[in-house]
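Undergrad: okay, structure incoming, though there's no sequence with it:
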């Protein structure tokens, strides 16, 4: 269905609003009596709204959104990560451009979520996408969301760059799937390849923000993307979502600042900024004595390569060089991760564990620096997953293996 046909008086519109919370799989089978309307379109709309109810709540609240195929929805940014990018650029670019008109472009528009939020920072903003259907959908949605000023271009990223004038900012979120639909992580396998586009990007834009896979090798990406000013490793509720490289043509320093951030739904964001030299020069105490509290860093810290820095920054001791857990007898409420109160410590022997924790039948299991999977450990200890109790299997500084039992505080 073309966007112009999707109007509030249509049968499709009424059907979507009436069934927006119902099971899509069941609805898809109920085709009887639906010959007078575009039933597959209506089902896709209902599925789309259900997909974004938590992911993009601002858009869910708009009754006139159009949705693309499922893959484009899966790959699009969430509202929180898109707003993080918007706020990042708002802080940086407004400092550099005080009075003149500023312009930006999203060269891989997709569903348009990043373009929608990033456009708030700029006087002129361009959405660029090579797929005609996505362009039609984006044009419709930007108007429905009261953002008609975003200019939509149906074009390849490379062609738009060659034809455009100078821009203050360019955003690139290359596809990370190959022709078979499998996920890829290396820059050269992305489409478009940021390394191939690099010269044009730097030439045409003062600032370039590239979204890469959470699995990307930061060292290899840095070699392919000189002039990297900042790296942002972004997690959402301790699930690493994206790695952002901010390129600045004027930035010549070899060592970019790294920001490890964990965006949280119901609490303040957890942020740690550092440079690789900070981590290389950091020091901490390794211990075999577990204190009253156990600290587990959020995934953005680990992806960013902050292993010793958290211990030094928060006055903690590390359990082992390769056990990325920390301990202290003091409660550090601002630690960027999870905090547990240690209740019981036992050797890694099953008999000792059950002797110290008789009757424990359910717990959340975590394995750190121990050659055993969570599944194997659960079977060994005969524990069901879940509940409020936590058991860590880990290696201490003296190479001893232990089980740590505790309760989560934060």
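TA: The structure has been received and is ready for your questions. Treat the numbers as computed from the prediction; the structure is a model and nothing was measured.

Undergrad: element containing residue 277?
TA: Residue 277 belongs to helix 276-281 when elements are defined using DSSP states H and E.

Undergrad: neighbouring strands - and their directions - for the next helix or strand after that helix?
TA: Using DSSP H and E, the helix or strand that follows helix 276-281 in sequence is strand 293-297. With DSSP bridges as the test, strand 293-297 is paired with strand 323-328 (antiparallel), strand 337-347 (antiparallel).

Undergrad: out of the ones you listed, flag the one nearest residue 269.
TA: Taking Cβ to Cβ, strand 337-347 is the member of these nearest to residue 269, at 12.6 Å. C-betas here are computed from N, CA, C, even on glycine.

Undergrad: by contact count, what packs against the helix or strand just after the closest one?
TA: Once strand 337-347 ends, the next helix or strand along the chain (criterion: DSSP H and E) is helix 350-356. Applying 3 or more Cβ pairs under 8 Å, 6 or more residues apart in numbering; DSSP states H and E, we find helix 350-356 packed against strand 337-347, helix 374-381.

Undergrad: residue 42 against residue 12, yeah?
TA: Yes: assessed by Cβ atoms under 8 Å, residue 42 is found in contact with residue 12 at 4.7 Å.

Undergrad: who's more crowded, those two?
TA: The neighbour comparison of residue 42 against residue 12 (other Cβ atoms under 10 Å) goes to residue 42, with 21 against 18.

Undergrad: that one sits in which helix or strand?
TA: Using DSSP H and E, residue 42 falls in helix 39-52.

Undergrad: repeat for residue 90
TA: Element membership for residue 90 (DSSP H and E) is helix 79-96.

Undergrad: who's in contact with the helix or strand following that helix?
TA: Next in sequence after helix 79-96, counting helices and strands by DSSP H and E, comes strand 103-106. With Cβ atoms under 8 Å, 6 or more residues apart in numbering as the test, strand 103-106 has contacts from 89, 112, 114-115, 118-119, 121-128, 160, 164, 167-171, 173, 205.

Undergrad: mind running it again at 7 Å?
TA: Residues from elsewhere that reach strand 103-106 (Cβ atoms under 7 Å, 6 or more residues apart in numbering): 114-115, 118, 121-128, 167-171.

Undergrad: residues contacting residue 395?
TA: 320, 323, 369-370, 401.

Undergrad: for residue 89, which non-adjacent residue is closest in space?
TA: Closest residue in space to residue 89, ignoring its immediate chain neighbours: residue 121 at 5.0 Å, by Cβ to Cβ, 6 or more residues apart in numbering.

Undergrad: show me where the stretch 201-350 of the chain has its helices.
TA: Here the stretch 201-350 of the chain has its helices, by DSSP state H, counting those that start in this stretch, at 218-224, 276-281, 299-304, 309-314, 350-356.

Undergrad: next structured bit after the helix or strand containing residue 392?
TA: Per DSSP H and E: residue 392 is located in strand 389-395. The helix or strand immediately downstream of strand 389-395 is strand 401-408, counting by DSSP H and E.

Undergrad: mind listing the strands that following strand pairs with, and their directions?
TA: Here, using DSSP bridges, strand 401-408 pairs with strand 337-347 (antiparallel), strand 389-395 (antiparallel).

Undergrad: which of the ones you listed sits most buried?
TA: strand 389-395 (a mean of 22; mean count of other Cβ atoms under 10 Å).

Undergrad: tilt between that one and helix 374-381?
TA: 110 degrees (axes from the mean of the first three to the mean of the last three Cα atoms, to 10 degrees).

Undergrad: distance of the closest residue to residue 52 other than its chain neighbours relative to residue 51?
TA: Leaving out its chain neighbours, the residue that sits closest to residue 52 by Cβ to Cβ, 6+ apart is residue 60, at 5.2 Å. From residue 60 across to residue 51, the span is 9 Å (Cβ to Cβ, to the nearest Å).

Undergrad: quick one, what contacts residue 254?
TA: Taking Cβ under 7 Å, 6+ apart, one finds nothing in contact with residue 254.

Undergrad: number the chain from 243, please
TA: Noted, 243 is the first residue going forward, which turns the last one into residue 496.

Undergrad: and the closest residue to residue 561 other than its chain neighbours, how many neighbours does it have?
TA: Distances taken as Cβ to Cβ, 6+ apart place residue 567 nearest to residue 561, at 4.9 Å, with adjacent residues excluded. Taking other Cβ under 10 Å as the criterion, the count of residues near residue 567 is 24.
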